[in-house]
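S.K.: Just the structure for this:
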Amino acid sequence: MRTTPRALRLPLLAGAAALALALSACGGGSEGAAGEAPAADALEQAEGVTEVNFWHSMDGTNGETLDKLIAEFNAANEGKVEVKSVYQGDYDTTITKYKAAVQSNSTPSMVQIYDIGTQFMIDSGAVLPTQAFIDRDEYDVSDLQPNIAGYYTIDDELWSMPFNTSMPVLYYNKTLFEAAGLDPETAPATLDEVGDAANKLSKVNGGPAEFGFNAAIYGWLLEQEIAANGELYCGPDNGRSGERAGEYTFNNDTAVQFVDWWKELVDTGVAGNTGRVTADAQNAFKSGTIGITLESTGALGGMQKAADEQGFELGVGFYPKIEQNDSGPIIGGASLWVSDEGHSEAEKQASWEFMQFLAQPESQATWHTGTGYFPISKAALDEPKDVEWREQHPQFNVAVDQLEATELTSATQGCSAGTMPQAREAAENALEGALLGGDSKSELTDSVTELKVEVENYNNSVK
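M.R.: Residues are numbered from 1 along each chain as shown. Predicted coordinates for the structure are as follows:
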């Protein structure tokens with residue numbers, strides 16, 4: 001789900017000099033100054049209890065489920081390791097605090113960082129790649145969902161351990177579909193099909209819904225549509241083939257077609273425009289007056305609860321594409337990172353053991369059923385509690401099916417660039433400009449052009 005996109009704009013607000021300071025504080029460069037894993041017996045050699053200071057962004061039900069897992073780990077490691085979790089605020093707040101901690105040499109043992117912060121974390125030089133532990137222990141990664149692990153893999157190195165993972169899906173109101181004469185058991189699969197259904201659903205065309213379609217003006221959705229059609233968001237090769245991303249390409253034909261499609265629905269009164277705040281778009285759909293929306297699988301629990309309370313039946317479908325293909329959307333969410341410099345060997349080893357605990361099938365089944373986030377473990381789906389839970393909540397199977405149906409490519413891995421937070425906001429500016437009357441191609445191209453300086457400054461700061 002979305003977090004506030006304004007906090008992480010360091011190059012825009014503080015300039016390239018401040019960015020370079022954050023990136024160089026731990027001696028990092030373009031390769032991330034990767035360290036070596038500690039000795040495997042570091043914990044056994046340590047005296048007393050080793051404390052793991054863990055920063056995260058999970059609150060509400062998600063935070064409660066995380067606390068349950070932490071308590072279980074601490075109980076199993078009493079007298080040896082104690083994880084102390086500290087909620088830092090939303091994703092942007094957490095990475096901003098981590099940047100400050102890098103500069104002051106006061107990083108936590110472990111930190112949860114959202115997907116688009118990945119390249120910055122690598123460039124910071126402050127972290128120990130998960131791959132170092134994997135190689136040392138010959139840790140079996142075959143149980144990790146490949147599309148999830150693939151996002152956090154750069155140049156064949158898994159830099160962080162995936163944790164809370166989501167994907168975008170299409171939500172639709174089956175009750176409104178039936179009232180509009182549409183098949184409530186068949187979700188629209190392409191943009192044309194969504195548009196046709198939205199037209200029949202909308203009040204402006206005599207349908208039962210206030211609006212046939214509505215979604216937040218969220219740059220993540222544009223990223224997803226580009227990937228779902230097998231296209232790249234940045235080049236070369238989405239920054240996935242050993243060469244740093246040097247340009248954004250979200251003004252390509254796929255992006256223009258997606259924004260034009262959305263713009264036409266708004267211009268004709270078929271779609272609403274609730275702005276950039278995802279909670280506003282979610283609440284509109286939850287009210288039962290919107291036919292179709294696009295949102296994260298992380299919202300599914302709240303959507304289902306609202307549907308039950310409002311008395312409508314909820315439908316879930318794959319994220320719509322321009323046309324059917326083997327590509328698919330990108331995963332979202334966050335992953336776990338181990339801090340390197342300034343931390344004892346025992347602390348790093350304890351962090352790794354906690355990571356392994358969270359990744360095991362039993363823990364992932366608890367996480368999946370408690371939060372709705374994907375399990376990163378394939379075997380977790382076979383855990384009895386997970387099987388039973390999905391039988392009771394079959395909508396969650398759609399998300400799992402979409403993940404497994406998506407071919408892992410540079411497109412579906414998503415763009416790896418240190419300026420992705422700025423790019424996402426620039427994309428939102430373009431999308432909003434088009435929906436408010438601008439030309440889609442011009443708005444997107446202007447945003448891509450404006451980012452050139454951002455990209456150049458960032459890349460120069462990490463050479």
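S.K.: in what helix or strand does Asn273 lie?
M.R.: Using DSSP states H and E, Asn273 sits in no helix or strand.
S.K.: where exactly do the helices run in the stretch 351-463 of the chain?
M.R.: Taking DSSP state H, counting those that start in this stretch as the test, the helices found in the stretch 351-463 of the chain are 361-371, 384-392, 395-405, 410-413, 420-435, 440-461.
S.K.: Check the spacing between Tyr458 and Leu294 real quick.
M.R.: For Tyr458, the distance to Leu294 (C-beta to C-beta, to the nearest Å) stands at 29 Å. In short, each C-beta sits where N, CA and C put it, glycine included.
S.K.: swap in Ala42?
M.R.: Computed as C-beta to C-beta, the Ala42 to Leu294 distance reads 46 Å.
S.K.: Same question for Ser106.
M.R.: Distance of Ser106 to Leu294, computed by C-beta to C-beta: 40 Å.
S.K.: Now do Ser202, the pLDDT please.
M.R.: Ser202 carries a pLDDT value of 99.
S.K.: actually Ala18, not the one I typed
M.R.: The model reports Ala18 with a pLDDT of 44.
S.K.: and what of Ala25?
M.R.: The confidence metric pLDDT takes the value 48 at Ala25.
S.K.: Show me the strands in this protein, by range?
M.R.: For the chain, the strands defined by DSSP state E cover 50-56, 81-87, 110-114, 127-128, 153-154, 157-158, 161-166, 168-173, 211-213, 234-235, 247-248, 290-296, 314-317, 332-339.
S.K.: need those in a markdown table with mean neighbour count, distance to Pro375 and mean pLDDT, can you?
M.R.: What follows is the strands of the chain, written out as a markdown table (neighbours: other C-beta atoms under 10 Å; distance: least, C-beta to C-beta, whole Å; pLDDT from 0 to 100):
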| stretch | mean neighbour count | distance to Pro375 | mean pLDDT |
| --- | --- | --- | --- |
| strand 50-56 | 22 | 18 | 99 |
| strand 81-87 | 17 | 20 | 98 |
| strand 110-114 | 26 | 17 | 98 |
| strand 127-128 | 26 | 24 | 98 |
| strand 153-154 | 22 | 18 | 94 |
| strand 157-158 | 20 | 17 | 96 |
| strand 161-166 | 26 | 8 | 96 |
| strand 168-173 | 27 | 16 | 98 |
| strand 211-213 | 28 | 31 | 99 |
| strand 234-235 | 22 | 29 | 98 |
| strand 247-248 | 20 | 32 | 98 |
| strand 290-296 | 27 | 16 | 98 |
| strand 314-317 | 21 | 18 | 97 |
| strand 332-339 | 27 | 12 | 97 |
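S.K.: Run through who's touching stretch 186-206.
M.R.: 170, 172, 176-177, 180-182, 207-213, 257-258, 261, 264-265, 268-271, 291-292, 315-318, 320-324 (C-beta atoms under 8 Å, 6 or more residues apart in numbering).
S.K.: One more: stretch 128-148?
M.R.: Applying C-beta under 8 Å, 6+ apart, the set of residues contacting stretch 128-148 is 32, 34-37, 40, 122, 149, 152, 157-162, 165, 331, 338-340, 348, 352, 355-356, 359, 361, 374-379, 403-404, 406, 408, 412.
S.K.: Can I get the strands of the chain in CSV including distance to Glu432?
M.R.: CSV is the format used below for those (distance: least, C-beta to C-beta, whole Å):
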stretch, distance to Glu432
strand 50-56, 31
strand 81-87, 31
strand 110-114, 22
strand 127-128, 34
strand 153-154, 31
strand 157-158, 36
strand 161-166, 23
strand 168-173, 19
strand 211-213, 16
strand 234-235, 21
strand 247-248, 17
strand 290-296, 16
strand 314-317, 26
strand 332-339, 20
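S.K.: Looking at these, spot the one closest to His393.
M.R.: Nearest to His393 among the strands of the chain is strand 314-317; the distance by C-beta to C-beta comes to 10.2 Å.
S.K.: residues in contact with the closest one?
M.R.: 169-174, 177, 184-185, 187-189, 300, 303-304, 307, 395, 398-399.
S.K.: rerun at 7 Å
M.R.: With contact meaning C-beta atoms under 7 Å, 6 or more residues apart in numbering, strand 314-317 is reached by 169-172, 174, 184, 187-189, 300, 303-304, 307, 395, 398.
S.K.: mind giving me the domain ranges of this structure?
M.R.: Following automatic domain parsing, the chain resolves into domains at 39-166+331-408, 168-329+418-461.
S.K.: Quick check: end-to-end length of the last one?
M.R.: What it means is domain 168-329+418-461. 33 Å (C-alpha to C-alpha, to the nearest Å).
S.K.: That one: how far from the chain's middle?
M.R.: 15 Å (C-alpha atoms, centre = their mean, to the nearest Å).
S.K.: got it, and stretch 146-158?
M.R.: Centroid separation for stretch 146-158 versus its chain: 14 Å, with C-alpha atoms, centre = their mean.
S.K.: before we move on, back to that, and the strands of the chain: which comes nearest Gln282?
M.R.: For the strands of the chain, the distance to Gln282 is smallest for strand 290-296, at 6.4 Å, taking C-beta to C-beta.
S.K.: Put the alpha carbons of that closest one into CSV.
M.R.: Extracted in CSV, the C-alpha atoms of strand 290-296 (Å, rounded to 0.1, in the frame of the first residue of the first chain):
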residue,chain,number,x,y,z
ILE,A,290,-17.6,2.6,-7.5
GLY,A,291,-17.6,-0.3,-10.0
ILE,A,292,-13.8,-0.9,-10.5
THR,A,293,-10.6,0.2,-8.9
LEU,A,294,-6.9,-0.7,-9.0
GLU,A,295,-5.0,-1.2,-5.8
SER,A,296,-2.5,-3.3,-3.9
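S.K.: helices or strands up against that strand?
M.R.: Applying 3 or more C-beta pairs under 7 Å, 6 or more residues apart in numbering; DSSP states H and E, one finds that strand 290-296 contacts strand 168-173, helix 191-201, strand 211-213, helix 278-286.
S.K.: ok, now with 10 Å
M.R.: strand 168-173, helix 174-179, helix 191-201, strand 211-213, helix 219-228, helix 278-286, helix 300-310, strand 314-317 (3 or more C-beta pairs under 10 Å, 6 or more residues apart in numbering; DSSP states H and E).
S.K.: State the paired neighbours of that strand in the sheet, together with their directions.
M.R.: Here strand 290-296 is paired, per DSSP bridges, with strand 168-173 (antiparallel), strand 211-213 (parallel).
S.K.: What's the local residue count around Val256?
M.R.: 19 (other C-beta atoms under 10 Å).
S.K.: can I assume it is in contact with Leu431?
M.R.: No - using C-beta atoms under 10 Å, Val256 is not in contact with Leu431; the gap is 11.3 Å.
S.K.: For those two, list the residues in contact with both.
M.R.: Phe250, Ser440, Glu443, Leu444 (C-beta atoms under 10 Å, 6 or more residues apart in numbering).
S.K.: pLDDT and distance to Tyr218 for these - can I get that in a markdown table?
M.R.: Below are these laid out as a markdown table (pLDDT from 0 to 100; distance: C-beta to C-beta, whole Å):
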| residue | pLDDT | distance to Tyr218 |
| --- | --- | --- |
| Phe250 | 99 | 13 |
| Ser440 | 99 | 16 |
| Glu443 | 99 | 15 |
| Leu444 | 99 | 15 |
